[in-house]
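**Q** Model the structure of this input:
(one chain, ligands or ions: 1)
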Amino acid sequence: MESIKYYSTNLKAGEVTFSEALLKGLAPDRGLYMPKTIPTLTADEIKSFSNKEYYQIAFEVFKKFLVGQIDDNELLALVKDAYNFKIPLEKGIDNKFFMRLDQGPTASFKDFAARMMGRLMNYYIQKENRKLLILTATSGDTGSAIANAFYGLDNIKVLVLFPDGEVTDRQRKQMTTLGENIQIISLNGKFDDCQALVKEAFSDPELDDLNLSSANSINIGRLIPQIVYYFYSFSRLRSGKDSDDVIFSVPSGNFGDMMGGVLAKHMRLPIKKFIISVNENDEFPAFLKTGFYNKIEPSKNCLSSAMNVVHPSNLARLVALYGGVMNEKGEISKAPDMEQMRNDIYSVSVTDQETNEMIHDAYDEYDLILEPHGSVGWKGLMDYCKEYNIHKDQLCISLETAHPAKFPNEIIKILKFDPKLPESLQGLEHKEEKFDTLENDYLKFKKYLTNNYR
Ligand SMILES: *Cc1c(COP(=O)(O)O)cnc(C)c1O
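**A** The predicted structure is shown next:
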């Protein structure tokens, strides 16, 4: 079979293979890579997933996107190594379920994407006999997800910069207690300063020999892993009839998670409706309604902090999938098929007050502990089912993207107890921390890079 090519959503860069898209991240025209054709699965293939483990489903999905790009046995080994944790499906009410993507090493759904991207990068780098240094600036969660995902890989080193005093103790320890190929810098500055240093290093030709790369969320290597859990949850919760279908609700910020779901739908997963639940940063529901797109600038500071986004970076991919063109600034030069998009997708903005009330109600009514992001998703599902009078037997799945114990203050305030830490986050306080401190100065940072990595 011929391999799938990947094009840039800005349409001004050449088509590339999967491994090139993976190692480049952003296309040279600043667009995002998208598969030129979306592979499909037959109803029988999808049915067979009910008897497969998570990593086996991941293997089947990846295989479709990576035809001719990786050996089957090697791919199988990578997915097996990446997905060694549980994905609990908890019942809320009626046939409505809650998919918990919070059991990975950093208790965030970002583990699913980061772990597989790390392993795939490592695989291709190794084949080309290259090394890679991943530079990441973090305000907390992304850095720890990347550091944990790449921990122990042979050909990739990771350097994470965090602003001192701006990350929580727990977030810092998730990065600084790892060691091996993971190095951490506490910068005397703000998150924006960390990001500026990283950016300057990327564009510094004198550092070309260090093979710097980023692992940011727009990488196609992070998108494909996020298709898998939609297939998985459906395979576990479907009744087995040919007519089975499902409604998904996804708490969304930069829209990577929901793009995984939309791709799953295009691969023929019978998704009846896709609910994109956002917080008070409501640029997308407004766009879906009116067809006019306006960023929310500056973004509103809502409880579901990982979803406080000015302009969802993956939106260009959704627009592309529906035949339109949107550049990295959010400007649309060709309108997508809004009717088709509205057919497939419903979107709702959830206020902080509603987020709080939903955490409270879900716990009171059916013992479900939600954190703010998951609460936005669940509330979106409730609103949709009410507005469209969805039958109580309809299978619905809402995604939980982080563990409640990552938001102890919010949970204590609303539910009056401190949620128990997941195993992956336990015992951190006893582990030894190792990190360097650096002033906010590019030349000093550059010297650090050349001293340590040349
Ligand atoms: C990153 C994140 C989101 C948003 O995911 P996107 O793919 O950016 O839409 C939601 N919840 C949590 C807890 C996150 O960390």
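**Q** Show the pLDDT at residue 88.
**A** The model reports residue 88 with a pLDDT of 97.
**Q** so what's residue 242 up against?
**A** Contact analysis of residue 242 by CB atoms under 8 Å, 6 or more residues apart in numbering lists residue 43. To be clear about C-beta, it is placed using only N, CA and C from the backbone, and glycine gets the same treatment.
**Q** Ignore what I typed, I meant residue 320.
**A** 9, 32, 34, 326, 336.
**Q** Quick check: which element contains it?
**A** helix 315-321 (DSSP states H and E).
**Q** quick one: average pLDDT of that helix?
**A** pLDDT averaged over helix 315-321 gives 97.
**Q** now that helix, how far from the chain's geometric center?
**A** 16 Å (CA atoms, centre = their mean, to the nearest Å).
**Q** Kindly write the PyMOL command that selects the buried subset of the contacts of residue 320.
**A** Selection of buried members from the contacts of residue 320 for PyMOL, criterion 16 or more other CB atoms under 10 Å:
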select buried, resi 9+32+34+326+336
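**Q** picking that back up, now check the helix holding residue 320, is it near the ligand?
**A** No - applying CB under 6 Å from any ligand atom, one finds helix 315-321 out of contact with the ligand, separated by at least 10.1 Å.
**Q** I'd like the next helix or strand past that helix.
**A** Helix 315-321 is succeeded, C-terminally, by strand 325-326 (DSSP H and E).
**Q** Phi first, then psi, for residue 34.
**A** phi -140, psi 150 (degrees, to the nearest 10).
**Q** Beta-bridge partners for it, please?
**A** Beta bridges link residue 34 to residue 7, judged by DSSP bridges.
**Q** just the contacts of residue 320 now: which is nearest residue 94?
**A** Of all the contacts of residue 320, residue 94 sits closest to residue 336, with 33.5 Å by CB to CB.
**Q** sorry, back to before: may I have the helix holding residue 320 as PDB, with CA atoms only?
**A** Written as PDB, here are the backbone C-alpha positions of helix 315-321 (Å, rounded to 0.1, in the frame of the first residue of the first chain):
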ATOM      1  CA  LEU A 315      -8.700  24.900  14.800                       C
ATOM      2  CA  ALA A 316      -7.000  25.200  11.400                       C
ATOM      3  CA  ARG A 317      -7.100  21.500  11.200                       C
ATOM      4  CA  LEU A 318     -10.800  21.300  11.800                       C
ATOM      5  CA  VAL A 319     -11.400  24.000   9.200                       C
ATOM      6  CA  ALA A 320      -9.200  22.100   6.700                       C
ATOM      7  CA  LEU A 321     -11.200  18.900   7.300                       C
END
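**Q** Grab the two from the contacts of residue 320 that are most spread out in space.
**A** Among these, 32 and 336 lie farthest apart (CB to CB), at 14.7 Å.
**Q** shaky segments in the stretch 351-454 of the chain?
**A** Counting by pLDDT under 70, the stretch 351-454 of the chain contains no low-confidence residues.
**Q** near the ligand, which residues of it show up?
**A** 373, 401, 402.
**Q** Whichever of those residues end up buried, select them in PyMOL.
**A** In PyMOL syntax, the buried subset of those is picked out as below (16+ other CB under 10 Å):
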select buried, resi 373+401+402
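**Q** okay if I get the residues of the stretch 351-454 of the chain next to the ligand as TSV plus secondary structure?
**A** Shown next, in TSV, are those (DSSP: H, G, I helix; E, B strand; the rest coil):
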residue	secondary structure
373	helix
401	coil
402	strand
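**Q** Tabulate the residues of the stretch 351-454 of the chain next to the ligand in TSV, adding columns for distance to residue 233.
**A** Shown next, in TSV, are these (distance: CB to CB, whole Å):
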residue	distance to residue 233
373	17
401	14
402	17
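**Q** Can you spell out which helices and strands pack onto the lengthiest helix in the chain?
**A** For the chain, the longest helix by residue count, based on DSSP state H, is helix 110-127. Where contact means 3 or more CB pairs under 8 Å, 6 or more residues apart in numbering; DSSP states H and E, helix 110-127 is packed against helix 18-24, helix 72-82, helix 141-150, strand 156-163, helix 220-223, helix 225-237.
**Q** right, so of these, which gets closest to the ligand?
**A** helix 141-150 (5.5 Å; CB to the nearest ligand atom).
**Q** Is that closest one positioned near the ligand?
**A** Yes - using CB under 6 Å from any ligand atom, helix 141-150 reaches the ligand at residue 141.
**Q** Tell me the pLDDT of the closest residue to the ligand within the stretch 1-150 of the chain.
**A** For the stretch 1-150 of the chain and the ligand, the shortest gap (CB to the nearest ligand atom) falls at residue 108, measuring 5.1 Å. As predicted, residue 108 sits at a pLDDT of 92.
**Q** Isn't it up against residue 145?
**A** Yes - using CB atoms under 8 Å, residue 108 is in contact with residue 145, at 5.7 Å.
**Q** any idea how far the closest residue to residue 324 other than its chain neighbours lies from residue 291?
**A** Closest residue to residue 324 apart from its sequence neighbours, by CB to CB, 6 or more residues apart in numbering: residue 336 at 3.0 Å. In this view, residue 336 and residue 291 are 9 Å apart by CB to CB, to the nearest Å.
**Q** What of residue 357?
**A** 31 Å.
**Q** now do residue 137
**A** 35 Å.
**Q** Which one's more surrounded, these two?
**A** Ranked by neighbour count (other CB atoms under 10 Å), residue 137 and residue 291 place residue 137 first, with 24 against 14.
**Q** Report the secondary structure element holding the residue nearest to that one when sequence neighbours are not counted.
**A** Ranked by CB to CB, 6+ apart and with sequence neighbours excluded, the top spatial neighbour of residue 137 is residue 194, at 3.7 Å. Assigned by DSSP H and E, residue 194 falls within helix 191-202.
**Q** Show me what that helix is packed up against.
**A** strand 132-137, strand 156-163, strand 182-188, helix 442-453.
**Q** ok, the first one: who's next to it in the sheet?
**A** Yep, that's strand 132-137 we're talking about. Here strand 132-137 is paired, per DSSP bridges, with strand 156-163 (parallel), strand 212-213 (parallel).
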